[in-house]
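Asks: From the sequence below, what's the structure:
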Amino acid sequence: MTTRVHDAVVVGGGHNGLTCAAYLAAAGLSVGVLERRGVVGGAAVTEEFHPGFRNSTASYAVSLLNPKVIRDLGLVAPGLSIVERPFSNFLPLSTRDGDYLKLGGGLEATQREVARHSRRDAEALPAYYAMLGRVVAVLRDLLLATPPNVGGGLPALLDAWKVARRFRLLDLAGQRDVLDLFTKSAGDVLDRWFESAPLKAAFGFDSIVGNFASPYTPGSAYVLLHHLFGGVNGKPGQWGHAIGGMGAITQTMAKSCAARGVEIRTAAPVVRVVVTGGRAAGVELESGEVVQARRVVANVNPRLLFERLVEPEHLPDDFRARMAAYRCASGTFRMNVALAALPDFTALPGDGAHLSTGIVMAPSLAYMEQAYFDAKSSGWSRAPIVEIVIPSRVDDSLAPRGMHVASLFCQHVHPDLGAVRPGRTWDDARDEVADLMVDTVARFAPNFRDAIIGRRTLSPLDLERDFGLVGGDIFHGALSLDQLFAARPVLGHGNYRTPVDGLYLCGSGTHPGGGVTGVPGHNAAREILRDMRRRV
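Replies: Okay, the predicted model is just below:
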């Protein structure tokens, strides 16, 4: 970083930080990005974890990346390619041949598959999809909107009116559906619509991904809904794989930033936001170097920012107390494995399209609820929830010829192990739990354990240390009603601004929340530019 004063310095080179930097630079600002790790990308990176084997280290699937961000940053032009999943999910339900559920491949194909378990559920599917589609369409329009800010005067009232106007486009039944999906549990919603355990499990899985809760916890229906906002290659609701892994997205973003004059610096950990005269004036690095800037933009977890990087005297007491109570806890345990052979599932033996999708080992909502209860009381689930994705089935750049890599996204483990197992830490329990996750997959695919030739494991503690995900929280804060929209991260500062003048938030701890979307970075940049025009 040069000695000149930047118009803006971005703390954290994850995808939202890069997105924000690209928009600011496109508007003519001089922008610097400071990344603690040796590579930009945050949790969306591709790294070698075993000789000859690469994979997406943390984030691993594409859907929520916003089309406007893709267009504005020119991400497709440099060669970013996303391959769609052949269908949504494959759930092996037991070790019996034929005991599985596949979702996707079009409505008729899905109905035929669901009818094997419940004809009534197959008939209910079109109405369920239509209900979700109506709600998602309205909420998707709000993704790129800045939430109305409580106490913001007339402009905030106008913003609130615009939000209410969108919801008035729904009829009364639609408004009731919105209320259900924001306040009820996923289990309660799904139990009203369907009768078969496999189908409810397939839909309910999204409600506990990164959410340390039961599918019957009130508010979990929104987490399910949150995962439906995206799409791939213009197809709403679709999920896919970025060729080259998630790092292909952030490296392409970094190229877009560089082309616009953004100065990116890695291995540059920030330890303090410099505040002068009540206004952010730059940051101090671990080395002691001070990087001056007219404004600071933080792409970090809000609790990390306000508890570690901003000195307490610069923050109101109530704000500090609220941020101390900001809930960051994810029951996620992440693994990458190098494989000598593909897993062979006894419910559907052999190679096939089912190995190119999300394979979920959680046969019922009751199974998921018990997994949460176990983790909450004893540290980890005795029968955990595991999703396995094998990106090398569609991307031969990740593994040697004839071999494969797999991502294991596992729920539930306790983010604070010592709270329920005094004297234990994730550093000493990591391998024990990793073995349990492998055994869980091997129950359904007996060859899986012997096929593993290398692995990398990330506990909640590793996710916090390596990527700044406080509490291992992949969303930078729980997606609960009290931490959404205008209340994310805290009411009165849901518009990307903070109590410190010139200090902004642009990460997933702001609206609309977690996932590789780029939307917080996009929205924050817009508000920064608005303030510049107002000379704030």
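Asks: ok, the closest residue to residue 283 other than its chain neighbours - contacts?
Replies: The shortest distance from residue 283 to any residue that is not its chain neighbour, by C-beta to C-beta, 6 or more residues apart in numbering, is 4.7 Å, and that residue is residue 270. Yep, even glycine has a C-beta here, placed from its N, CA and C like the rest. The contact partners of residue 270, taken as C-beta atoms under 8 Å, 6 or more residues apart in numbering, are 11, 34, 36, 283-286, 309.
Asks: partners of residue 270 in the sheet?
Replies: Counting by DSSP bridges, residue 270 forms beta bridges with residue 285.
Asks: Do you know the pLDDT at it?
Replies: We have a pLDDT of 98 for residue 270.
Asks: Could you do the one 3 residues further on as well?
Replies: According to the prediction, residue 273 has pLDDT 98.
Asks: phi, psi of it?
Replies: Note on residue 273: its backbone torsions stand at phi -90, psi 120 [degrees, to the nearest 10].
Asks: Go ahead and confirm it touches residue 283.
Replies: Yes: counting by C-beta atoms under 8 Å, residue 273 sits close enough to residue 283 to count as a contact (5.6 Å).
Asks: which residues do the two both contact?
Replies: By C-beta under 8 Å, 6+ apart, residue 273 and residue 283 have these common neighbours: 11, 296, 309.
Asks: Report the contact partners of the first one.
Replies: This means residue 11. In this structure, residue 11 makes contact with 17, 34, 270, 273, 283, 296-300, 305, 309, judged by C-beta under 8 Å, 6+ apart.
Asks: Quick check on it: phi, psi?
Replies: As for residue 11, its main-chain torsions (degrees, to the nearest 10) stand at phi -100, psi 110.
Asks: any idea how far it is from residue 65?
Replies: When distance is defined by C-beta to C-beta, to the nearest Å, residue 11 is 22 Å away from residue 65.
Asks: With the last one instead?
Replies: The spacing between residue 309 and residue 65, counted by C-beta to C-beta, is 27 Å.
Asks: and the two? which has more neighbours close in?
Replies: Neighbour totals were compared for residue 309 and residue 65, and residue 65 leads with 25 against 18 (other C-beta atoms under 10 Å).
Asks: so after the helix or strand of the chain with the lowest mean pLDDT, what's the next helix or strand?
Replies: Lowest by mean pLDDT, DSSP states H and E among the helices and strands of the chain is helix 153-168, with a mean of 61. The C-terminal neighbour of helix 153-168 among helices and strands, as given by DSSP states H and E, is helix 172-183.
Asks: and after that following helix, which helix or strand comes next?
Replies: Moving toward the C-terminus from helix 172-183, the next helix or strand (DSSP H and E) is helix 186-193.
Asks: and that next one, what does it pack onto?
Replies: With contacts defined as 3 or more C-beta pairs under 8 Å, 6 or more residues apart in numbering; DSSP states H and E, the packing partners of helix 186-193 are helix 197-208, helix 220-226, helix 365-378.
Asks: One more pass at 6 Å, please.
Replies: When contacts are defined as 3 or more C-beta pairs under 6 Å, 6 or more residues apart in numbering; DSSP states H and E, helix 186-193 sits against helix 197-208, helix 220-226.
Asks: For the shortest one, name the packing helices and strands.
Replies: Applying 3+ C-beta pairs under 6 Å, 6+ apart, we find helix 220-226 packed against helix 172-183, helix 186-193, helix 197-208.
Asks: what residues does the second one touch?
Replies: Outside helix 186-193, the residues that touch it by C-beta atoms under 6 Å, 6 or more residues apart in numbering are 124, 128, 180, 200, 203-204, 207, 215-216, 220-221, 224, 365.
Asks: go on, stretch 211-224?
Replies: 181-182, 184-187, 189, 204, 206-208, 329-331, 365, 368-369, 372, 479-481.
Asks: Please check those and keep the buried ones.
Replies: In terms of neighbour count (16 or more other C-beta atoms under 10 Å), the buried residues within these are 181-182, 184-187, 189, 204, 206-208, 329-331, 365, 368-369, 372, 479-480.
Asks: which residues are in contact with stretch 293-312?
Replies: By C-beta under 6 Å, 6+ apart, the list of residues contacting stretch 293-312 from outside reads 6-12, 14, 16-17, 20, 272-273, 280, 282, 323, 326, 328, 468, 470, 476, 489, 502-507, 509.
Asks: In PDB, list the C-alpha atoms belonging to stretch 179-193.
Replies: The C-alpha coordinates for stretch 179-193 follow below in PDB (Å, rounded to 0.1, in the frame of the first residue of the first chain):
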ATOM      1  CA  LEU A 179     -45.400 -14.300   8.000                       C
ATOM      2  CA  ASP A 180     -45.200 -18.100   8.300                       C
ATOM      3  CA  LEU A 181     -41.800 -18.300   6.600                       C
ATOM      4  CA  PHE A 182     -40.300 -15.500   8.700                       C
ATOM      5  CA  THR A 183     -41.600 -16.600  12.100                       C
ATOM      6  CA  LYS A 184     -42.300 -20.400  12.100                       C
ATOM      7  CA  SER A 185     -40.000 -23.400  12.100                       C
ATOM      8  CA  ALA A 186     -39.200 -25.200   8.800                       C
ATOM      9  CA  GLY A 187     -40.600 -28.300  10.400                       C
ATOM     10  CA  ASP A 188     -44.000 -26.700  11.200                       C
ATOM     11  CA  VAL A 189     -44.300 -25.400   7.600                       C
ATOM     12  CA  LEU A 190     -43.300 -28.600   6.000                       C
ATOM     13  CA  ASP A 191     -45.500 -30.700   8.300                       C
ATOM     14  CA  ARG A 192     -48.500 -28.700   7.100                       C
ATOM     15  CA  TRP A 193     -47.600 -29.300   3.400                       C
END
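Asks: Thank you kindly, that will do.
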